[in-house]
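Engineer: Quick one, what's the 3D model for this:
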Amino acid sequence: MTTSRLGLLFGLLCSGIGLAATLAAVSCGGGIGGPTTTTTTTTTTNPTPTPTDISVSVSPKLASVVVTSQTQQFRAAVTGDAKNLGVTWSVDSVKGGNAAVGQITAAGLYTPPASAGSHTVVASSVADSTKSDSASIAVTDLSGVFTYHNNLSRDGTNVQEYALTPQTVNQASFGKLFSCSLDGAAYTQPLWTPNLNTGGSRHNVIFVATEHDSLYALDADTNPCSQIWYVNLLDAAHGGTAGETPVPAAHVKPLRQIQPEIGVTGTPVIDPASATLYVASTSEDPKGSFHPRLHALDLSSGSEKFSGPIDVSASVPGTGYDSSGGIVSFNPQKQLQRSALALANGTVYVAWASYGDADPYHGWIIGYDAATLAQRAVWSDSSNARRGGIWMAGGAPAVDSAGNLFFSTGNGTFDANSGTAPNNDFGDSILNLSSAVGLSVADWFTPFNQQFLDSGDFDLGSGGVVLLPDQNSGPPHLLVAGGKEGRLYLLNRDSMGHFCGSCTTTDTNVVQTFKITTGFFCTPAFWQNALYFAGSIQGANTGDQLKRLLFNPSSGQFNRSPVSQSAFTFNFPGATPSISSQQSLNGIVWAIDASHSNPNAPFQPGPAVLFAYDATDLSKKLWDSSQAGGNRDQAGDAVKFMVPTVANGKVYISTRTELDVYGLL
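Structural biologist: I've put the predicted structure just below:
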């Protein structure tokens, strides 16, 4: 081979043509006949990805939907997939899912099954089936939160919550999702309805009423906030007259707890069968006349139904301190509609107290036909005497399976133990009203020290009543209640005990009673044989921890000492807790610190704080809305007697300025 041909060969090798660059580098030190100077050029290309280059990421990681109706869009981000082959989807290892676990399309749209549960959605790379990522989706069959504290027993439980668990509720994965602005303070508990058809589309909807006499229907899931509809309960379409406004707080002295106006205070109630929301409003016209009304609103539009609203008026025979001609009449300028509404046996029950003990007033319960708004029943607890307001910290009368109403009353005359008629006045009492024919007292209990309670402003009716589940031993039907004295009462609903005239230190005519906290301004929650509450009494440093008190089904009584309690002290007004769980598992207690409500001396106005605790051990705080940096989870300013609503992986709270929505981040 000639020298020129050898030089050409080495030149080709050194340029990387035909052989690997590494081989050329070894061979190119010089040629035969002496050293040769060459120039090497390196070319970089994008190699075809190997399987190890592919990765999959699914979002969202945690999601919650309602059975059948609510879909969830999952997305898969794939890196290293040069041919863009994408992913295949499966649910609980079933490709594409099925009717039992839910179905998912090739585009990642998940449709839940008809039954509740938790499922795992997986996206697997087509290019490399060993590469995948997963997400969890919780499916709830909760039919709705239609009434105060979730149900007629008022136990505050949602045992159909699959997304929120002690493992998922923490600062990293749970927090504030969005807020919806409100035109006034919302003292009402939010109510939740799934799969509501509004304007041809379906939504999960949250309902909130305000002291500005307004009612909002808001999309329960959409971020940012999406309003379905809004109504002003004082416009002509809702029965208002020219110039009507919510009642200015200054016009109902000495009331100081609801500022600056009074409109809707009691939590509404929903009838899902007729798709109707019932709400009580109060307003004042330019002449100074008050107008309490009961509205029946269409859930889908907010329009009035059943020729509503109706003006509230009532009277009963009596010789009470404001009677005239043997009749006691409902006085709208003295009666505050504080308690939540109740719906049972086709009747809407509305209870009344007063504007801050401004005499004269009485406790009233008035029943209206749910289908026509015709007045069905009227009852007063002090028709021959004075006072007896029905407050219960905003709680609703509890209702048993027979339609009997159970509730407690505040300070006022008590004479039911007298042998001389009239003896039908029930201040500081717990009552069972039969609804068989109108409303009539079927049974009752009054503490032995009622006179002391009345004279010292220690209302028994400061807290709500809870019906316990039916028992297999001992009295089968029990209820629990407490008042300002901080004493817990466990009563036999079938024999409530009446009044013990011979008792001097405690009531021996009840199943059980003992002092357990500083005072009850709440409706306790009851779950898995445990009672949850945070007591308080008005004033500085008089709050208490959130407590878990065990009930023993064998003895039919409570253990007198709490088995666990929170480290945090809930100052006045304490807290009405709600509980979410998957039946008996994954219980979480939700409670709100509302001590910075306005006014609430000596605390300055400020945000409410939502807490989450492990329901099996209240010393284990899972999360609170003040702990994240940058005020990420801060709620609106507090109002009294706040109650959290838990539904479909979210927690809703009403505040002075907004509805706050918390959930999985």
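
Engineer: after the lowest-mean-pLDDT helix or strand in the chain comes which helix or strand?
Structural biologist: Ranked by mean pLDDT, DSSP states H and E, the weakest helix or strand in the chain is helix 21-27, scoring a mean of 33. Going down the chain from helix 21-27, the next helix or strand is strand 55-59, by DSSP states H and E.

Engineer: which secondary structure elements does that next one contact?
Structural biologist: On a contact count with 3 or more CB pairs under 8 Å, 6 or more residues apart in numbering; DSSP states H and E, strand 55-59 meets strand 75-79, strand 117-125, strand 132-140. Quick note: C-beta positions are derived from backbone N, CA and C, even for glycine.

Engineer: Swap in 10 Å and give it another go.
Structural biologist: Secondary-structure packing of strand 55-59 (3 or more CB pairs under 10 Å, 6 or more residues apart in numbering; DSSP states H and E): strand 75-79, strand 87-91, strand 117-125, strand 132-140.

Engineer: Pretty sure residue 173 sits against residue 612.
Structural biologist: No - using CB atoms under 10 Å, residue 173 makes no contact with residue 612, being 11.9 Å away.

Engineer: Can you work out which residues contact both of the two?
Structural biologist: Jointly contacting residue 173 and residue 612 under the rule CB atoms under 10 Å, 6 or more residues apart in numbering are residue 623.

Engineer: In contact with residue 645, which residues?
Structural biologist: Residue 645 makes contacts with 145, 148-150, 156, 158, 189-192, 206-208, 220, 267, 578, 590, 651-654, 659, as judged by CB under 10 Å, 6+ apart.

Engineer: Just the buried ones from these?
Structural biologist: Burial by neighbour count, judged by 16 or more other CB atoms under 10 Å, picks out 145, 148-150, 156, 158, 189-192, 206-208, 220, 267, 578, 590, 651-654, 659 from the contacts of residue 645.

Engineer: hang on, the earlier thing: so if I had to pick from residue 173 and residue 612, which one is more boxed in?
Structural biologist: Taking other CB atoms under 10 Å, residue 173 and residue 612 do not tie; residue 612 has more neighbours (25 against 14).

Engineer: I'd like to know how far that one sits from residue 644.
Structural biologist: Using CB to CB, to the nearest Å, one gets 9 Å for the distance from residue 612 to residue 644.

Engineer: which residues are common contacts for these two?
Structural biologist: Common neighbours of residue 612 and residue 644, counting by CB under 10 Å, 6+ apart, are 580, 589-591, 651, 662.

Engineer: Can you tell me which of the residues you listed lies closest to residue 534?
Structural biologist: Proximity of these to residue 534 (CB to CB) peaks at residue 591, which lies at 6.0 Å.

Engineer: Quick check: the closest one vs residue 603, distance?
Structural biologist: Separation of residue 591 from residue 603 (CB to CB): 17 Å.

Engineer: the more surrounded of those two?
Structural biologist: For residue 591 versus residue 603, neighbours defined as other CB under 10 Å are more numerous around residue 591 (30 against 16).

Engineer: My reading is that the more buried one is in a strand; is that accurate?
Structural biologist: Yes - Residue 591 forms part of a strand when assessed by DSSP: H, G, I helix; E, B strand; the rest coil.

Engineer: Show the pLDDT at it.
Structural biologist: Per-residue pLDDT puts residue 591 at 98.

Engineer: tell me the contacts of it?
Structural biologist: By CB under 10 Å, 6+ apart, residue 591 lies in contact with 522, 525, 532-534, 546, 566, 568, 570, 574-579, 609-613, 618, 624, 642-644.

Engineer: In strands, which of those residues appear?
Structural biologist: Members of those lying in strands (criterion: DSSP state E): 525, 532-534, 546, 566, 568, 570, 578-579, 609-613, 618, 624.

Engineer: Residue 273: neighbour count?
Structural biologist: Neighbours of residue 273 under the rule other CB under 10 Å: 8.

Engineer: I meant to write residue 118 there.
Structural biologist: By other CB under 10 Å, 14 other residues sit near residue 118.
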